[in-house]
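Participant: pasting the sequence and the predicted model now:
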Amino acid sequence: DTAVSQTPKYLVTQMGNDKSIKCEQNLGHDTMYWYKQDSKKFLKIMFSYNNKELIINETVPNRFSPKSPDKAHLNLHINSLELGDSAVYFCASSQGLGDEQYFGPGTRLTVT
Amino acid sequence: SQKIEQNSEALNIQEGKTATLTCNYTNYSPAYLQWYRQDPGRGPVFLLLIRENEKEKRKERLKVTFDTTLKQSLFHITASQPADSATYLCALLNSGNTPLVFGKGTRLSVIA
């Protein structure tokens, strides 16, 4: 009974393609997040949703579009993938903004 | 500019000793600090949270201190074990409706 799950775990694709990563949490949390962890292991917030509403949108290219169909799901769609998008993407959830966060296992995206 | 720095990128200690990790911040007024553990290939796992009005928090062999004058948090692991080897991330929540900001982490290696 995984708390925060992401699919796929690995994603290898070519430049210019469009891909999606899915995230689900079964903790009943109101807030969900997407983070990017680059090769230097720096974990940076991308988006945050609270009850399906976007509340944080950091400086992220428009090619990245999050979607929250319900408060248990937060998906990330990426258009026109670039080499620099290669990273590990983590989904996380918490009861409220700033509360302890529960992270998914990560999706390693490799753009060739 | 705002910065959150974990002084050591890597720290090696002998088993049984106390590991002390440092987190310093500049130009933030954090409501609280959180510490996470991250193992290779996995998402961060929440360990401890300390609020601005708390000096110290303990959980089993872990202790966190928070000094708002020095703008610093220290994270201690007593009686360290090889299983404690991981990357430890500090994260702070600034005042207001802002996201958690993570440091780059310190990779701890406990040598038997």
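Facilitator: Structure received.
Participant: pLDDT score assigned to residue 104?
Facilitator: Defaulting to chain A. Here the pLDDT value assigned to residue A:104 is 97.
Participant: switch to chain B, please.
Facilitator: With respect to pLDDT, residue B:104 scores 93.
Participant: name the helix or strand for it, please.
Facilitator: Following DSSP states H and E, there is no helix or strand that holds residue B:104.
Participant: how about the contacts made by it?
Facilitator: Residue B:104 makes contacts with A:40, A:41, A:42, B:5, B:6, B:9, B:89, as judged by Cβ atoms under 8 Å, 6 or more residues apart in numbering or on different chains. (Glycine included, C-beta is placed from N, CA and C.)
Participant: repeat that for 10 Å
Facilitator: A:40, A:41, A:42, A:43, B:4, B:5, B:6, B:9, B:87, B:89, B:90 (Cβ atoms under 10 Å, 6 or more residues apart in numbering or on different chains).
Participant: what's the answer for residue B:6, then?
Facilitator: B:21-24, B:73, B:75, B:87-90, B:102-107.
Participant: please apply the same query to residue A:87.
Facilitator: With Cβ under 10 Å, 6+ apart, residue A:87 has these contacts: A:35-39, A:42, A:44, A:106-111.
Participant: what's around the residue of chain B found nearest chain A, how many residues?
Facilitator: Closest contact between chain B and chain A, by Cβ to the nearest Cβ, is at residue B:43 (3.1 Å). Using other Cβ atoms under 10 Å in any protein chain shown, residue B:43 has 22 neighbouring residues.
Participant: what about the strands in chain A?
Facilitator: A:4-7, A:10-13, A:19-25, A:31-37, A:43-50, A:53-57, A:64-70, A:73-78, A:87-94, A:102-103, A:107-111 (DSSP state E).
Participant: hey, least reliable of the ones you listed by pLDDT?
Facilitator: Lowest mean pLDDT within the strands of chain A: strand A:53-57, at a mean of 85.
Participant: tell me if it is near chain B.
Facilitator: Yes: residues of strand A:53-57 contacting chain B under Cβ under 10 Å from any Cβ of the partner chain: A:55, A:56.
Participant: run me through the strand neighbours of that strand, direction for each.
Facilitator: Strand pairing for strand A:53-57, determined by DSSP bridges: strand A:43-50 (antiparallel).
Participant: and the contacts of residue B:6, which of them are in strands?
Facilitator: Using DSSP E, the subset of the contacts of residue B:6 located in strands is B:21-24, B:73, B:75, B:87-90, B:102, B:106-107.
Participant: now the residues you listed as CSV including neighbour count and distance to chain A?
Facilitator: Compiled in CSV, the ones in strands among the contacts of residue B:6 are given as follows (neighbours: other Cβ atoms under 10 Å in any protein chain shown; distance: Cβ to the nearest Cβ, whole Å):
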residue, neighbour count, distance to chain A
B:21, 22, 15
B:22, 16, 17
B:23, 25, 14
B:24, 17, 16
B:73, 28, 15
B:75, 25, 15
B:87, 19, 7
B:88, 24, 12
B:89, 26, 7
B:90, 27, 11
B:102, 23, 4
B:106, 21, 11
B:107, 18, 9
